[in-house]
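1. Kindly return the folded structure for what I paste below:
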Amino acid sequence: MPNLHDHQRGCLGRAWAAAMVIAMGLCLSQGPSACKPRVKQDPAQNSQEALAAVGKEVGLSFPEAAKLVGVHRERGADDLIAVKVDLPASEWPGFLSRTPVDPSLFRAGERGLLGPDQGFWDPHKAKNLRTVETSLPNGRVLNLGYDDSRGAVFAVYVVNHST
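-> The predicted model follows:
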């Protein structure tokens, strides 16, 4: 004879399954956009305070001369923050030395590390993109890319996400 705990587990399991069926039905009836994780895309705030705050969020320290182009956040099972910064070429070596990235590991191309273009986020339009991925503490990953094709200004792409 089943005990009360087995009965409770069975009820909870059926309730969870019913909730999933309802959620899937809503996704199908309202289209694919209803099933995507919540996304927040912030317009660029061109202040050192905003850049420092975003830098703290992704675990990087951007130089004063850097310009924040935009920030994109996704909240969900695997949260993510993507930051695009324009950085004077002269500041690149110093910035890179303060990251947890081994510069010798950069490789040409996007390599699936930066995701699709969307609004200000445009790594696929970069003419000379190089990327690297490194593991961070607490199950986080840092993907870093840069495009130096404009000469005096590097476009820097940063993705910090959970695994």
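2. going forward, measure contacts between C-alpha atoms and count neighbours the same way
-> OK.
3. count of neighbours near the closest residue in space to Ala66 that isn't next to it in sequence?
-> Distances taken as Cα to Cα, 6 or more residues apart in numbering put Leu87 closest to Ala66, at 4.6 Å, once the chain neighbours are dropped. Leu87: 23 surrounding residues under other Cα atoms under 10 Å.
4. The strand or helix carrying Leu87 packs against which elements?
-> Assessed by DSSP states H and E, Leu87 sits inside strand 80-88. Under the contact criterion of 3 or more Cα pairs under 8 Å, 6 or more residues apart in numbering; DSSP states H and E, strand 80-88 touches strand 67-75, strand 153-162.
5. Using PDB, list the CA coordinates for it.
-> Provided in PDB are the C-alpha atoms of strand 80-88 (Å, rounded to 0.1, in the frame of the first residue of the first chain):
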ATOM      1  CA  LEU A  80      23.500  36.300 -19.900                       C
ATOM      2  CA  ILE A  81      24.800  39.900 -20.200                       C
ATOM      3  CA  ALA A  82      26.300  41.100 -23.500                       C
ATOM      4  CA  VAL A  83      28.200  44.400 -23.600                       C
ATOM      5  CA  LYS A  84      29.600  46.200 -26.600                       C
ATOM      6  CA  VAL A  85      32.200  48.900 -26.000                       C
ATOM      7  CA  ASP A  86      34.200  51.100 -28.400                       C
ATOM      8  CA  LEU A  87      37.800  51.200 -27.100                       C
ATOM      9  CA  PRO A  88      40.700  53.400 -28.400                       C
END
